[in-house]
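S.K.: Task: produce atomic coordinates for the following.
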Amino acid sequence: MSVVMADEAKDVHTEQLAACVRYVPPEDLKVVAQTYDGAPVMSGSVRGVQAHFREKHPQAVYVHCYAPDLNLVLCHTCKAIPEASDFFNLLENLFVSQCVYSQHDQFASIQEELHIEQRELVQISNTRWSCQLSSVNALMKNFPAVMKSLQKIRTPTALALHSKLSKLPVVYLFVVFKKLLGITEGFHKVLQKENVDLAQVVHYKSAVHDTLVSQGTAQVAEEIYAKAKAACRENNIHESSLGPRRKQKMGDFVVEVSCGSRSDLLNDSEHLKQRLFYPCINRMTSELENHFPNVEKEVMIGIQACLPASETFLCMQSLEKLASQYNIQLVPEEVMVTKSFLSRKGTEAISDILSVFKPLNPMMFPSLKTILQVTLTIPDSSCERSFSSLC
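M.R.: Below is the predicted model of the structure:
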């Protein structure tokens, strides 16, 4: 069993392509899957590489690389919620402002003056999920030093950044994204592992999704609001009530909103909850559903049945869906004996698909051994890790 994986990256001068073949011994020539990024030329169902490849290898299901999918969840959330997009643009602008040599030295001096552990601000990256959380955490821990530094610099850019940070809705978003990104941090780390299998990815995704859904309550929103207000008090940020924009008269005209500007967010808990917290958490959960999983449904059901933590572990009906995809004759009695055999080993010894695969003798469990081999062969990512040094 084997899988074809490919990905490309481009530096300043050269475009590079990495192609890999993944297999689980004993290997044969059957190709069970193919993994690329989501570019239409690769993933297109009609003229994409995966479509042409399946003309010669019909059983090779297409698996979109999961690693960048988590980044797409945040990107699409920001596109749908303008305030979230503005928030991360603000983080990037703060990082750029601190990169100026003289301003960086002043920032370090203020950190020492305030007895704050010296921490650098983190640059935002559109391709690395961990950078988003690191950037939020770094700024929250350095918030007093950042505010004082911007006040001392007093350039137009610094004063504009200070003005934006001195608003409750912005501080509120810091607390919101610290929580939401913190929930997904472990999932990001799992997606970077080389030995994670597809069933585990979907299992962990479900846990993250359910956790996010459970946090979308009025009680959690009130807790976030309380933390944001406490942060404002600690940093002497005055909570001026920003009511609806007043109509301005200009001759015979009435101007309700100035061109190109967004309406100000009110400072009250209910407004921030409805305008920021609920939209952010709802969008992230829906994006998780849209991007995970993207494997054919019947195949995914069978893969899940191979995972010991799944409710459908070794369910005959579920396994048959995967077996039919690869023309494997699954024997019901073999599955029954496998359950009895594994029960003698205990739940601690059987923790993942590999721990199920290894102890099964291929002479005694030929069909199930083959199904597990297919499941282990199908990857969760492409060759993206080959280019980690270029990202």
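S.K.: Low-confidence regions, the chain specifically.
M.R.: 10-12, 27, 29, 66-68, 101-102, 125-130, 194-195, 239-266, 292-294, 380-391 (pLDDT under 70).
S.K.: Report the secondary structure element holding the residue nearest to the spatial centre of it.
M.R.: Taking C-alpha atoms, centre = their mean, the centroid of the chain lies closest to Leu70, which sits 2.5 Å from it. Using DSSP states H and E, Leu70 sits in helix 69-80.
S.K.: where exactly do the strands run in the stretch 251-391 of the chain?
M.R.: Along the stretch 251-391 of the chain, counting by DSSP state E, counting those that start in this stretch, strands occupy 253-255.
S.K.: re earlier: buried ones in the helix holding Leu70, by neighbour count?
M.R.: For helix 69-80, burial by neighbour count (16 or more other C-beta atoms under 10 Å) applies to Asp69, Leu70, Asn71, Leu72, Val73, Leu74, Cys75, His76, Thr77, Cys78, Ala80. From N, CA and C alone the C-beta is placed, and that goes for glycine too.
S.K.: Would you quantify the distance from the third one to Asn361?
M.R.: Read it as Asn71. 42 Å (C-beta to C-beta, to the nearest Å).
S.K.: Ok, the fifth one next?
M.R.: Shown here: Val73 relative to Asn361, a distance of 42 Å by C-beta to C-beta.
S.K.: Check Ile371 too.
M.R.: Taking C-beta to C-beta, one finds Ile371 at 15 Å from Asn361.
S.K.: now do Arg283
M.R.: 49 Å.
S.K.: Which of the two has more residues huddled nearby?
M.R.: Each of Arg283 and Asn361 has its neighbours counted (other C-beta atoms under 10 Å); Arg283 has more, 19 against 9.
S.K.: Let me see the contact set for that one.
M.R.: Each residue near Arg283 by C-beta atoms under 8 Å, 6 or more residues apart in numbering is listed here: His76, Thr77, Ala80, Ile81.
S.K.: Nearest residue to the second one in space, please, no chain neighbours.
M.R.: Same thing as Thr77. Closest residue to Thr77 apart from its sequence neighbours, by C-beta to C-beta, 6 or more residues apart in numbering: Arg283 at 4.5 Å.
S.K.: swap in the first one?
M.R.: Counting by C-beta to C-beta, 6+ apart, Glu287 is the residue found nearest to His76 once chain neighbours are left out, at 5.1 Å.
S.K.: and if you look at Asn93?
M.R.: Asn93 sits nearest to Leu161 (C-beta to C-beta, 6+ apart), 6.2 Å away.
S.K.: Surely that neighbour is in a strand?
M.R.: No - assigned with DSSP: H, G, I helix; E, B strand; the rest coil, Leu161 falls outside any strand and is helix.
S.K.: what's it in contact with, if anything?
M.R.: Counting by C-beta under 8 Å, 6+ apart, Leu161 has contacts Leu90, Asn93, Leu94, Ser97, Leu150.
S.K.: go on, Met316?
M.R.: Residues near Met316 by C-beta under 8 Å, 6+ apart: Leu330, Pro332, Val335.
S.K.: Count the residues that sit near Cys232.
M.R.: 19.
S.K.: same deal with Glu8?
M.R.: 18.
S.K.: got a list of contacts for stretch 93-103?
M.R.: The contact list for stretch 93-103 (C-beta under 8 Å, 6+ apart) reads 104, 107, 121-124, 135, 139, 146, 149-150, 153, 157-158, 161.
S.K.: where along the stretch 101-250 of the chain do the helices fall?
M.R.: 101-113, 129-141, 143-153, 156-165, 168-191, 198-215, 218-234 (DSSP state H, counting those that start in this stretch).
S.K.: Skipping adjacent residues, who's closest to Asp37 in space?
M.R.: Cys65 (5.3 Å).
S.K.: Just to check, Gln123 is in contact with Gln132?
M.R.: No - the criterion here is C-beta atoms under 8 Å, and Gln123 misses it with Gln132 at 10.6 Å.
S.K.: Quick one: residues contacting the residue nearest to the centre of the chain.
M.R.: Shown in contact with Leu70 (C-beta under 8 Å, 6+ apart): Trp129, Thr184, Phe187, His188, Leu191, His291.
S.K.: Just give the nearest non-adjacent residue to the last one, would you?
M.R.: Right, His291. Asp69 (4.2 Å).
S.K.: next one: the third one
M.R.: The shortest distance from Phe187 to any residue other than its chain neighbours is 4.9 Å, reached at Val208 (C-beta to C-beta, 6+ apart).
S.K.: What is the burial count for the one you found?
M.R.: Other residues close to Val208 by other C-beta under 10 Å number 21.
S.K.: Remind me which helix or strand Glu8 belongs to.
M.R.: For Glu8, the enclosing helix or strand under DSSP H and E is strand 2-10.
S.K.: in that strand, what counts as buried?
M.R.: Ser2, Val3, Val4, Met5, Ala6, Asp7, Glu8, Ala9.
S.K.: Same check on stretch 43-52?
M.R.: Buried residues in stretch 43-52 (16+ other C-beta under 10 Å): Ser43, Gly48, Val49, Gln50.
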